[in-house]
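S.K.: Give me a model of this one.
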Amino acid sequence: MPEIKYEITKAIGTLSESSKGWKKELNLISWNDKEPKYDIRDWAPEHEKMGKGVTLTKEELIELRDVLNRIDL
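M.R.: Next comes the predicted model:
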């Protein structure tokens, strides 16, 4: 399996942190030298390992924001 290349171009924020130090983060990431996308996933303390996550375009992130704004918490 080919290695996945990534670069965190902008760290936006941490959503949570586990007792083992892994953080669920929202970042802008360039995957395999492509246009950066918004990404939510768990990261090990030094970003040396990552969990599964979801990657969103700017338009999808805007739609997610709008959906979240419509729910009654």
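S.K.: Pull out the CA atoms of the lengthiest strand in the chain and give them to me as PDB.
M.R.: Secondary structure of the chain per DSSP state E: the longest strand is strand 6-17. Extracted C-alpha coordinates of strand 6-17, given in PDB (Å, rounded to 0.1, in the frame of the first residue of the first chain):
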ATOM      1  CA  TYR A   6      -0.100  14.900   4.300                       C
ATOM      2  CA  GLU A   7       0.700  18.400   5.500                       C
ATOM      3  CA  ILE A   8      -1.400  20.200   8.100                       C
ATOM      4  CA  THR A   9      -1.500  23.600   6.500                       C
ATOM      5  CA  LYS A  10      -3.600  25.200   9.300                       C
ATOM      6  CA  ALA A  11      -4.500  23.900  12.700                       C
ATOM      7  CA  ILE A  12      -8.000  25.200  13.400                       C
ATOM      8  CA  GLY A  13      -9.000  23.700  16.800                       C
ATOM      9  CA  THR A  14      -9.100  20.800  19.200                       C
ATOM     10  CA  LEU A  15     -12.600  19.300  19.800                       C
ATOM     11  CA  SER A  16     -11.600  16.900  22.500                       C
ATOM     12  CA  GLU A  17      -8.700  15.000  24.100                       C
END
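S.K.: Which positions within it qualify as buried?
M.R.: Tyr6 (16 or more other CB atoms under 10 Å). Where C-beta positions appear, they are placed from N, C-alpha and C, glycine not excepted.
S.K.: Please apply the same query to stretch 47-65.
M.R.: For stretch 47-65, using 16+ other CB under 10 Å, the buried residues are Met50, Gly53, Leu56, Leu61.
S.K.: can I get these in TSV with distance to Lys23?
M.R.: As requested, the buried residues of stretch 47-65 are arranged in TSV below (distance: CB to CB, whole Å):
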residue	distance to Lys23
Met50	11
Gly53	12
Leu56	18
Leu61	19
